[in-house]
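# sequence and computational prediction follow.
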Amino acid sequence: MNRLDGKVALVSGAARGIGGETARLMVEAGARVAIGDVLDERGRETARGLGDAAIYFRLDVTREEDWNAAVAATIGRFGKLDILVNNAGLFLGKDIEAASLEEWQRLCAVNLTGVFLGTKLALPALREAAQHSPHGSVIVNLASTAGLVGSTQDPLYSMTKGGVTLFTKSAALEFARKNYRIRVNSMHPGTIDTDMGDQVLVTRARNLGTNDIELARRQVIDRLPIGRMGAPTDIAKGIVFLALDDAAFMTGAGLVIDGGITAQ
């Protein structure tokens with residue numbers, strides 16, 4: 001595969017998990033990476049581990065001023081922005097009847113408004129960088145298999161990720177129509193062994209009427225054709241691929257990395 005030499009990426013929610021692993025693999029591939037998150041200590045630790053090729057800044061994806069500062073800091077440090085990864089996300093884990101309006105609004109703020117603001121406010125920098133790149137700039141939005149098929153554990157999460165899925169396609173078409181040379185694709189992980197994945201297991205266990213998380217884990221694994229839960233690196237490798245020039249003919253597409261769960 002091609003590398004990301006000379007590219008600059010901004011990854012939201014990158015203090016840990018899929019975002020953190022994405023930042024690490026991008027640096028390994030030659031990119032310089034700006035890590036945004038609200039987990040300051042963890043985020044600084046992640047950035048320090050990546051050396052001079054990474055910086056950390058606080059980024060609450062629901063706040064317009066945070067996005068403006070993040071983009072400005074990225075350009076101030078690295079000179080441009082080629083790749084945006086809208087990774088930050090929230091899992092609620094509540095039934096429709098149990099969720100409050102406040103909880104729903106918070107879910108939408110992170111999973112939907114965060115993607116909208118990131119796309120909108122990084123757009124000028126991405127468009128500028130695209131004019132000086134043979135294959136343009138890139139946006140990768142983190143959706144989910146729950147954005148493709150119904151979620152038995154969290155219908156509200158599924159609703160937001162379905163929105164990310166279709167926003168990705170529509171944004172890709174808009175930017176193509178305007179000749180911005182910005183590709184937009186979505187990533188659709190299955191159940192991954194991360195902190196959010198643990199939340200899914202807790203919700204599944206509760207719905208089974210038990211506190212046995214390992215029972216819930218075994219049930220998930222039993223349903224997976226590949227026989228294991230995913231690891232953050234499984235998804236991060238897919239994100240890096242979408243950012244590479246190797247994926248230059250992909251836009252408005254969704255890459256599913258789910259251990260075969262949606263094939264059933």
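Okay, I see it. Note that this is a predicted model, so its numbers are computed, not measured.

# please enumerate the strands of the stretch 101-250 of the chain.
For the stretch 101-250 of the chain, the strands defined by DSSP state E, counting those that start in this stretch cover 137-142, 182-189.

# what comes up buried for stretch 134-151?
135-148, 151 (16 or more other Cβ atoms under 10 Å). Using the backbone N, CA and C atoms, a C-beta is placed for each residue, glycine as well.

# still on that earlier bit, any chance of TSV for the strands of the stretch 101-250 of the chain, columns mean pLDDT and distance to residue 77?
Below are these laid out as TSV (pLDDT from 0 to 100; distance: least, Cβ to Cβ, whole Å):
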stretch	mean pLDDT	distance to residue 77
strand 137-142	98	18
strand 182-189	98	21
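
# those strands: which one's closest to residue 55?
strand 137-142 (19.3 Å; Cβ to Cβ).

# adjacent strands (with direction) for that closest one?
Paired strands of strand 137-142, with direction, are strand 83-86 (parallel), strand 182-189 (parallel) (DSSP bridges).

# may I see the ones you listed organised as JSON lines, with mean neighbour count and distance to residue 155 added?
Shown next, in JSON lines, are those (neighbours: other Cβ atoms under 10 Å; distance: least, Cβ to Cβ, whole Å):
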{"stretch": "strand 83-86", "mean neighbour count": "29", "distance to residue 155": "22"}
{"stretch": "strand 182-189", "mean neighbour count": "26", "distance to residue 155": "17"}
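
# can you list the ones you listed in CSV and add distance to residue 128?
Converted to CSV, the strands paired with strand 137-142 look like this (distance: least, Cβ to Cβ, whole Å):
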stretch, distance to residue 128
strand 83-86, 13
strand 182-189, 11
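
# just so I know, which of the ones you listed lies nearest residue 72?
When these are ranked by proximity to residue 72 (Cβ to Cβ), strand 83-86 comes first, at 14.1 Å.

# quick check, residue 26 in contact with residue 3.
No. Using Cβ atoms under 8 Å, residue 26 is not in contact with residue 3, being 9.9 Å away.
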